[in-house]
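Peer 1: Here's my sequence, what's the structure:
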Amino acid sequence: MSVFAFTVGSFGDILATAGLAVKIAQALYSRRDSSNECQALMSEVGSLYEALISSRDAVKLYKSSPLGQSLSTKIFREVDQCHLLMRLFLDNIDGYRKPLLSTVIGDLWRNVLWNVWETDELAAFRTKLSARRETLNILSNSLNL
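Peer 2: Here you go, the predicted model:
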């Protein structure tokens, strides 16, 4: 749970979204026998984190220019979409984790989660993240021109 509220259009929102990427990476990293798809998703989450930080830096530098204001608005909208997508993923994880934590097999929640999730679901999530990352990169690179 976040300590602060998520509001579209601030630097804190970018950092909060980057924090969700870190949480997802931690959940994925904890899986010892990770599949190729899980490894690919971990890589994509890392790339998205870098794109978020680059976007934050670009917005800081160029937000005051007319083009910067327009592109910053688009970046913040994209960050919002990233945030929603990753929040849904983490909520899905919590749907498995929380009920199992209070049981005798509480430490096995990751094994249950990864055995239930299909490779196709991870691939679909990775594809969505990749599209968001590409859009962020295009927008932040446009600011840097």
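
Peer 1: by contact count, what packs against the helix ranked longest in the chain?
Peer 2: Counting residues, the longest helix found in the chain (DSSP state H) is helix 66-101. In terms of contacts (3 or more Cβ pairs under 8 Å, 6 or more residues apart in numbering; DSSP states H and E), helix 66-101 is packed against helix 11-29, helix 36-62, helix 109-116, helix 119-143. C-beta here means a position set from N, CA and C on the backbone, and glycine is covered the same way.

Peer 1: And those helices, which one averages the lowest pLDDT?
Peer 2: Sorting the helices and strands packed on helix 66-101 by mean pLDDT places helix 109-116 lowest, at a mean of 68.

Peer 1: Give me the neighbour count for H83.
Peer 2: 22 (other Cβ atoms under 10 Å).

Peer 1: State the distance from the nearest residue in space to G68 that is not next to it in sequence to A27.
Peer 2: Spatially, and ignoring its direct neighbours in sequence, G68 is nearest to Y62 (3.4 Å; Cβ to Cβ, 6 or more residues apart in numbering). Distance of Y62 to A27, computed by Cβ to Cβ, to the nearest Å: 34 Å.
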